[in-house]
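Visitor: Need coordinates for the following:
(one chain, ligands or ions: 1)
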Amino acid sequence: PSKALRQFIQADRAFLQRIRSSGVSTINQSSLRYVSGTSSKMPPPIFPIPDERANTVAVGGDKNGSHEGEKTSPQKTSSDASASVHHQMSPQSPANTSPVVDGDKFDYDFVVIGGGSGGLAASKEASRLGAKVAVFDYVQPTPIGTKWGLGGTCVNVGCIPKKMMHQASLLGEAIEDAKSYGWELAGGGDKKHNWGAMVQSIQDFIHSLNWKYKVALRDVNVSYINSYAKLIDKNHIHAVNAKGKEVTVSAAKILIATGGRPKYPEIPGAKEYGITSDDIFSLQYPPGKTLCVGASYVSLECAGFLAGLGFDTTVMVRSILLRGFDQDMAERIGRAMEESHHVKFIRGAVPSKIEEIEPRQDGKAGRLRVTSTQNGKEIVEEYNTVLFAVGRDACTSTIGLEKAGVKVNPDSGKINAEYEQTNVPNIYAIGDVLDGRPELTPVAIQAGNKLARRLFAGSKVVYDYEMVPTTVFTPVEYGCIGLAEEVALKKYGKDNIEVYHGRYRPVTTRPIAGYGEEHCYAKLICNKLDDERVVGLHVLGPNAGEITQGFALGMRLGAKKRDFDDLTGIHPTDAENFVSLLITRSSGVDLSLPQCCG
Ligand code: FAD
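Guide: Take a look at the predicted model:
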């Protein structure tokens, strides 16, 4: 067997072992794979045992950030039994009452619409647990014709190429930094970036991943159907491929994992001349002078790497930066981008029209005239590229949800699905289509895996959407977990919150060149009502993603300020600044940059 298959087999064994030792084993292990029509081999899905509430474990604080009333499960009864903490479904959960559907009647036990982060995870896990599974995945081209392969947003037009372009831009800075350490460029020349070479490498890597995803599905016997799928009722799906070939399949259970796509503003020229994050990572020409419209993390990340790659970059912001994130941190990011990376910001402005002055051609950006309104005044400016990052629409409006009776929130177009179950009991939803949930790849994957285990292995473990760590990959990265400062103040009251914070000199990168050191900043937001439990951790600095991932575990386990103080730092690192945050916001003490090793 292939290495991947061996890994899956090992994962299966470990998983089954955990189920067995947990006492909820119902899988006929001699027939891990069953097929539709032989439902006698199929273990009946087990839904939560009544009175599970007593076993429910709250992780990292309940919704109020408090751990009062927490109970530790006396026995581990789930597929995630090896985890020290986990969430379980309450007996009131809708999935508790999900009917066991007769597998004889359907082509598939489980059909997933959408082969992105969540859909692929759920489909593979369901198949490994014995279900007969199919995945429909189809990419509708962007207005300028960009398309991509299997894997969804993250791998093709999201996290992966974004991180690679971020890395490309950091490498450019590292070349400058290297000069301080004695490195010299051959011939004494200046550095020069080749956009086409970078895009080629990134696209080659993505194509290799597209291929690996297909192989991974095949290895666990998931049928991959490259067609656009729509529900025709609650158990039937009709799909059409790029050549117009149609197929109709039936399924006992259906998962909606169709993700989202970038929005365009409704202004003349937006779709004709603008692009989005769906286009930038495979753009066949250097974008040139670029206007990024919007202040979402996608806009700031794109602006950051474009500026780092040497393009004249402007961000047009209607109101605030990074809505939903800590606003003190958001403003620090804006300042860092402006001061250290020469990104220009036009605040209080929205574009009203885009006109073409010169068309884009193979290998060369065009010229565009952008008319905008800033505080009631018209401004006109010329750019080579306009990139819209003004939010994303969930892909729910053209997939026949209404035919199956699945309800969406009319305001957001998203699906409200507690425990990932929609109002139609055999139809589930995960990932970016979910209402009020973080739009992040690991969230979609974890929720998908856990859902599959509940549906096909009797697990009761649900995904915990609280305390999700994340990072914005602007040139100076921003990592966070827990509450934004303003949210904590509102939730607990000003008198009950203490903020410990400090600026720091980054040691992991550029201590000599002094890159961004004036912007590096760490803060812990603590709830005084709960013995200074840390309810928010925020860091702005190089490798903030790595720092945040590590501390996220402590946060989820309910770390208090004194736990951070008692922790021994690793010297010299940036993360060690969190073990010595002494200045409180309430003291009003000015934050000066500390000397190293102080
Ligand atoms: P998707 O991954 O979007 O997959 C949905 C799939 O379904 C797509 O392939 C779509 O074409 C297909 N589809 C839609 N409708 C149909 C249909 N009717 N029939 C068949 N197929 C259909 N997250 C992070 O965690 N970290 C990051 O750093 C990060 N960076 C990002 C950067 C950018 C620029 C963007 C845009 C997103 C980023 N994200 C990041 C978010 C992350 O990519 C998404 O949260 C994640 O991909 C959502 O997964 P999903 O399974 O819900 O949907």
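
Visitor: So which bits of the chain are right by the ligand?
Guide: Residues of the chain lying close to the ligand (Cβ under 6 Å from any ligand atom) are 113-119, 136-139, 152-154, 158-159, 162, 228-229, 257-259, 277, 298, 395, 399, 431-432, 439-442, 444. Glycine gets a C-beta too; all of them are placed from N, C-alpha and C.

Visitor: Show me these that map onto strands.
Guide: 113, 136, 228-229 (DSSP state E).

Visitor: What separation is there between the most centrally placed residue in the chain and G259?
Guide: The chain has L440 as the residue nearest its centroid, 1.7 Å off, counting by Cα atoms, centre = their mean. Between L440 and G259 the computed distance is 12 Å (Cβ to Cβ, to the nearest Å).

Visitor: what's the overlap in contacts for those two?
Guide: Here L440 and G259 share no contacting residue, scored by Cβ atoms under 8 Å, 6 or more residues apart in numbering.

Visitor: just to revisit the earlier point, now the ones in strands among the residues of the chain next to the ligand as a markdown table including neighbour count, distance to V350 and pLDDT?
Guide: As requested, these are exported to a markdown table (neighbours: other Cβ atoms under 10 Å; distance: Cβ to Cβ, whole Å; pLDDT from 0 to 100):
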| residue | neighbour count | distance to V350 | pLDDT |
| --- | --- | --- | --- |
| I113 | 29 | 34 | 98 |
| F136 | 27 | 37 | 98 |
| Y228 | 19 | 33 | 98 |
| A229 | 27 | 36 | 98 |
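
Visitor: any idea where the helices of the stretch 51-200 of the chain begin and end?
Guide: Using DSSP state H, counting those that start in this stretch, the helices of the stretch 51-200 of the chain run over 117-128, 152-157, 159-180, 195-219.

Visitor: again with the chain
Guide: 3-22, 117-128, 152-157, 159-180, 195-219, 270-273, 277-280, 297-308, 327-341, 401-404, 441-457, 485-492, 544-556, 561-566 (DSSP state H).

Visitor: Please work out how many residues are found near the closest residue to K364 other than its chain neighbours.
Guide: Nearest non-adjacent residue to K364, counting by Cβ to Cβ, 6 or more residues apart in numbering: Y285, 5.2 Å away. Using other Cβ atoms under 10 Å, Y285 is surrounded by 17 other residues.

Visitor: didn't Y285 look like it was pressed against F311?
Guide: No. Applying Cβ atoms under 8 Å, one finds Y285 not in contact with F311, separated by 11.8 Å.

Visitor: what separates stretch 525-532 from the chain centre, distance-wise?
Guide: Relative to its chain's centre, stretch 525-532 lies at 29 Å (Cα atoms, centre = their mean, to the nearest Å).

Visitor: What are the buried residues along it?
Guide: Neighbour-count burial for stretch 525-532, counted by 16 or more other Cβ atoms under 10 Å, picks out 525-527, 530, 532.

Visitor: can you give me the strands for the stretch 451-598 of the chain?
Guide: Secondary structure of the stretch 451-598 of the chain (DSSP state E, counting those that start in this stretch): strands located at 461-462, 470-472, 478-482, 497-503, 521-527, 533-540, 583-584.

Visitor: Sheet partners, orientation included, of the fourth one?
Guide: Partner strands and pairing direction for strand 497-503 (DSSP bridges) are strand 521-527 (antiparallel), strand 583-584 (antiparallel).

Visitor: Just put those strands in a markdown table and tack on mean pLDDT and distance to L322.
Guide: Converted to a markdown table, the strands paired with strand 497-503 look like this (pLDDT from 0 to 100; distance: least, Cβ to Cβ, whole Å):
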| stretch | mean pLDDT | distance to L322 |
| --- | --- | --- |
| strand 521-527 | 97 | 15 |
| strand 583-584 | 94 | 24 |
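
Visitor: Columns distance to E485 on top of the ones you listed, output as JSON lines?
Guide: Below are these laid out as JSON lines (distance: least, Cβ to Cβ, whole Å):
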{"stretch": "strand 521-527", "distance to E485": "6"}
{"stretch": "strand 583-584", "distance to E485": "13"}
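
Visitor: So which of those strands is nearest L557?
Guide: strand 521-527 (15.0 Å; Cβ to Cβ).

Visitor: quick one, the closest one and strand 533-540 angle?
Guide: Here strand 521-527 points in a direction 160 degrees away from that of strand 533-540 (axes from the mean of the first three to the mean of the last three Cα atoms, to 10 degrees).

Visitor: so how far is strand 521-527 off the chain centroid?
Guide: 23 Å.

Visitor: Report the angle between that strand and helix 327-341.
Guide: Using the same axes, to 10 degrees: strand 521-527 against helix 327-341 is 180 degrees.

Visitor: what's next to strand 521-527, contact-wise?
Guide: 65-66, 328-329, 332, 482-483, 485, 488, 492, 496-504, 532-541, 560-561, 564, 577-578, 581, 591.

Visitor: Quick one: end-to-end length of stretch 398-407, please.
Guide: In stretch 398-407, first residue to last residue: 13 Å (Cα to Cα, to the nearest Å).
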